[in-house]
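how would this look folded up:
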Amino acid sequence: MPSTSSATAHAERGTRRRLEWREVGLVKDGINRKEWREQQPAWGPFVRHRQRSTPARYPKGRSARDRHHLAVLAQLAAAALICLDPGHGTIPSVGTQREPIGPGSHVLKIKDGGGAPGEAPVALAIAFKTRALLRARGYRVAMTRTRDGFAGGNIARAQFCNERHAALMLRIHADGSSNQSAHGFQTFYPALHRGWTDDIYAASLRAARDVQRAAVRATGAKDLGLVPRADLTGFNWANVPAILVETGYMTNPPESALLKTAAYQEKVARGLAAGVSEFVRP
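Coordinates of the predicted model:
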C-alpha cells in the first residue's frame, strides 16, 4: 500500500496532467486536439460543448446550400477527366514547323497540315457540344484549344492531356479525300509500338470500339470501322488512352453540309458522349 506522501504526490501529478491537458491539448498521432479545435471555423460542421457533439449553427445563407456546394466540388474533383482535342486551328507559321513523330525518333513530321477545308471550325463546334454533354453526365472536361490560333504541335496537345492525367484523350476531326463520294464515320487508335504506345494500346482500342459504335448509332453515318495508326504524333506521345474520330468527309458535299449544321453536330456530340460513358464512368 503506498504511503501518504506517495499518494499525495500521485494526486498532484494527476492534477498537473489534467491542467496541462486543458492548457496544451492532448497530442495523439501527431494531432493537437486543442489546436485543431481552435483552427476550425466557428460555424461548423460540429461544435464541441461539454464533451458532446452538437450540430453547428450555420450563419444565415450558409447552411444546406454551402454543404451541397462543398459536396458538388468534392464529386467534381473525383470525376474522370476527358481531354477533348479539336483538330487543327493552328497558327500557319507554327503548323509548318516539324517535330519528332515519337519519343527519341529522328523522323520528323509537320505540326499541322491544316486539315480539310472547313474542318477546324467543325471540329471545334463538335468539341464544345461534346463538352457540354460530358459535363452534364458528371465528367470533368479539358480542351486543348477553345479557339483558332493554337500555338503548338501534336506533342503539345498530347502533353496537355498527359499533364491532366486524362481518362481519355478524344481527338475530334473530319476527313478529306480526292474521292468526293467517300463518306462515313471512322475511329483511329494507336498502333502497337513498343516503348511508345504499348502502355495505352489496349485501353485505346477499347475506347475506339465504344466510341465508334455509339457515334454510328447516334448519327446513322456509314460505319467505316477502326483503323490503327502508327504515324500520328499525338498518339505516339500520349501517356493516356487516346483515339481520333473522323466524323465525316468535308470533301463529300452532302456530308460536309450536314457537318456544318448545329443539329448534326449535336448528334455527333451525343454519340461521342455516349461512347465515352461506355468506356469510363464519371
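
hang on, Leu244 in a strand?
Yes: Leu244: assigned to a strand according to DSSP: H, G, I helix; E, B strand; the rest coil.

center of this structure, which residue is that?
Leu81 (1.7 Å; C-alpha atoms, centre = their mean).

need the contact list for that one.
With C-beta atoms under 8 Å, 6 or more residues apart in numbering as the criterion, the residues that contact Leu81 are 139-142, 164-167. (Each C-beta comes from the backbone N, C-alpha and C, glycine too.)

Show me where the protein has its strands.
Taking DSSP state E as the test, the strands found in the chain are 27-28, 31-32, 46-49, 52-55, 81-86, 98-100, 108-110, 140-143, 168-175, 185-190, 223-229, 242-249.

The fifth one vs strand 242-249, what angle?
Going back to what we said before, that points to strand 81-86. With axes from the mean of the first three to the mean of the last three C-alpha atoms, to 10 degrees applied, the angle from strand 81-86 to strand 242-249 works out at 40 degrees.

partners of strand 81-86 in the sheet?
In the sheet, strand 81-86 lines up against strand 140-143 (parallel), strand 168-175 (parallel) (DSSP bridges).

sorry, back to before: identify the residue spatially nearest to the residue nearest to the centre of the chain, adjacent ones excluded.
Arg140 (4.2 Å; C-beta to C-beta, 6 or more residues apart in numbering).

Settle this for me: the one you found is touching Ile82, isn't it.
Yes: here Arg140 reaches Ile82: they are 7.3 Å apart, a contact under C-beta atoms under 8 Å.

out of these two, which sits in the more crowded spot?
Neighbour tally, Arg140 and Ile82, criterion other C-beta atoms under 10 Å: the higher count belongs to Ile82, 28 against 18.
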